[in-house]
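Asks: Coordinates for the following, if possible.
(one chain, ligands or ions: 1)
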Amino acid sequence: MVEDEPKAAAYLRQGLTESGYTVEVALTGTDGLHAAANGDHDLVILDVMLPGIDGFTVLSALRTARQTPVLMLTARDRLDDKVRGFDLGADDYLVKPFQFPELLARVRTLLKRGQAQPVDPVMRVADLEIDAVRHRATRSGQRIDLSAKEFALLSLLMQRAGQVLSRTQIASLVWDIHFDSDTNVVEVAIRRLRAKIDDPFQQKLIHTVRGVGYVLERRA
Ligand code: CA
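Replies: Numbers count the residues shown, from 1 in each chain. Model (predicted):
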């Protein structure tokens, strides 16, 4: 999500996270373009009015590199803006102010369109299952209560099952904090998550990769 208003960005991020998505926020067009062109995102939510390089410029530069679906946000309900956005390769357009469910509906539609198969909101690794739409996690059929952040963290680990994620990546994708210094926020959250999803069960799914980070996978 490229949105320069921190309050709006935080609000949308929270809503999307609670709906099971992992959100990376960029507050400027330059950062947004860099992230969108170099990262592996399923969707870009792009505000038009940005300081420095605006949303149209970001979109046209991005389209030379990637075909990631783009949902544009604007405060201006002007036909020529819409036409310009679509001409540059935007996939959808939403005029501010909008209700959050409206954004969520567009996001779901765009994500479905981008995939060959219908989106299954349920992810499974071994006997662990999470349902992003119903915001529910179960293991061996037992319901596990998770906080919003724990759910976001588990969603991320499951989406990237089998891939090692560094603490820095996790902190940036789940908490939107970009730190150089030591912070144990990730370790504390992993410990809490393990207490819920691994400790009561014989087969452990979250593994520590020393000096690197964490991976969620089924191991023999
Ligand atoms: Ca703006």
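
Asks: And for stretch 143-156, what's in contact with it?
Replies: With contact meaning Cβ atoms under 8 Å, 6 or more residues apart in numbering, stretch 143-156 is reached by 14, 17-18, 20-22, 123, 130, 132, 135-138, 165, 170, 173-175, 189-190, 192-193, 196-197, 216. The C-beta positions use only the backbone N, C-alpha and C, and glycine is treated the same way.

Asks: Go again with 10 Å.
Replies: For stretch 143-156, the external contacting residues (Cβ atoms under 10 Å, 6 or more residues apart in numbering) are 14, 16-18, 20-23, 123, 125, 128-130, 132, 135-138, 165, 169-170, 173-175, 185-186, 189-190, 192-193, 196-197, 200, 205-206, 214, 216.

Asks: which of those residues count as buried?
Replies: Among the contacts of stretch 143-156, those scoring as buried are 16-17, 20-23, 123, 125, 128-130, 132, 136-138, 165, 169-170, 173-175, 186, 189-190, 193, 196-197, 205-206, 214, 216 (criterion: 16 or more other Cβ atoms under 10 Å).

Asks: filter those by proximity to the ion?
Replies: Counting by Cβ under 5 Å from the ion, nothing from those sits close to the ion.

Asks: and those residues, which of them are in helices?
Replies: Counting by DSSP state H, those place 16-17, 169-170, 186, 189-190, 193, 196-197 in helices.

Asks: Same list (these) but as CSV, adding pLDDT.
Replies: Formatted as CSV, these follow (pLDDT from 0 to 100):
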residue, pLDDT
16, 92
17, 89
169, 84
170, 88
186, 90
189, 93
190, 96
193, 97
196, 97
197, 97
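
Asks: any chance you could map the strands in this structure?
Replies: With DSSP state E as the criterion, the chain has strands at 44-47, 70-74, 92-95, 122-125, 128-131, 136-139, 142-144, 165-166, 206-209, 213-216.

Asks: Please name the bridge partners of the closest residue in space to residue 35 that isn't next to it in sequence.
Replies: Excluding its sequence neighbours, the residue lying closest to residue 35 (Cβ to Cβ, 6 or more residues apart in numbering) is residue 26, at 5.1 Å. For residue 26, the beta-bridge partners are residue 2 (DSSP bridges).
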